[in-house]
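> return atomic coordinates for the entry below.
(one chain, ligands or ions: 1)
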Amino acid sequence: MTEKLTPEARAAALARLDGWTEDTERDAITKTFWFDGFDAAFGFMTRVAIKAESMVHHPEWSNVYGRVDVTMTTHSAGGLTALDVELAEFMDRAAAGTGRADMG
Ligand SMILES: C[C@H](O)[C@H](O)[C@H]1CNC2=NC(N)=NC(=O)C2=N1
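Numbering: from 1, shown residues only. Next comes the predicted model:
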């Protein structure tokens, strides 16, 4: 089973990630992505969904028009793991416009 990150690994991951903040109350990280309308937001979500399925690891998220609110945590571990960081990094790349279904 995937283990929760150590405090050191967690701090290093947060320093590496772009704009993610900690939700310390539930040991999760969150970020709001903004896109130029629904089409771009849903395109992002589609790329992330394909990646999430391949990882068998899924975001908690909601979408309103060009806005996507994301929370990442690992339910089975009860907190933040390397899987959350991996998918968060993928989202940062996908949102930067380099996202492809076959990406990373
Ligand atoms: C059965 C299936 O592998 C599990 O329910 C997976 C699915 N996606 C998941 N996603 C997340 N974020 N955490 C999990 O613990 C998790 N578990």
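
> and stretch 59-70, what's buried?
Neighbour-count burial for stretch 59-70, counted by 16 or more other Cβ atoms under 10 Å, picks out P59, W61, N63, G66, V68, V70. All C-beta atoms are positioned from the backbone trio N, CA, C, and that covers glycine.

> got the contact list for the first one?
This points to P59. Shown in contact with P59 (Cβ atoms under 8 Å, 6 or more residues apart in numbering): V48, A52, V70, T71, M72, L87, M91.

> mind checking the SS state of the third one?
In this case it means V70. Secondary structure, DSSP: H, G, I helix; E, B strand; the rest coil: V70 is strand.

> wait, it touches K31, no?
Yes. With contact defined as Cβ atoms under 8 Å, V70 counts as touching K31 (5.4 Å).

> what touches both of the two?
A88, M91.

> near the ligand, which residues of this structure? Just list them.
V56, H57, H58, T74, H75, S76 (Cβ under 6 Å from any ligand atom).

> tell me which residues touch the residue nearest in space to the middle of the chain, please.
What sits nearest the mean C-alpha location of the chain, by Cα atoms, centre = their mean, is A88, with 3.1 Å. By Cβ under 8 Å, 6+ apart, A88 lies in contact with L17, W20, I29, K31, V70, M72.

> where does this protein have low pLDDT?
By pLDDT under 70, the low-scoring segments of the chain are 1, 98-104.

> now the helices for it?
When secondary structure is read from DSSP state H, the chain shows helices at 7-16, 38-55, 82-93.
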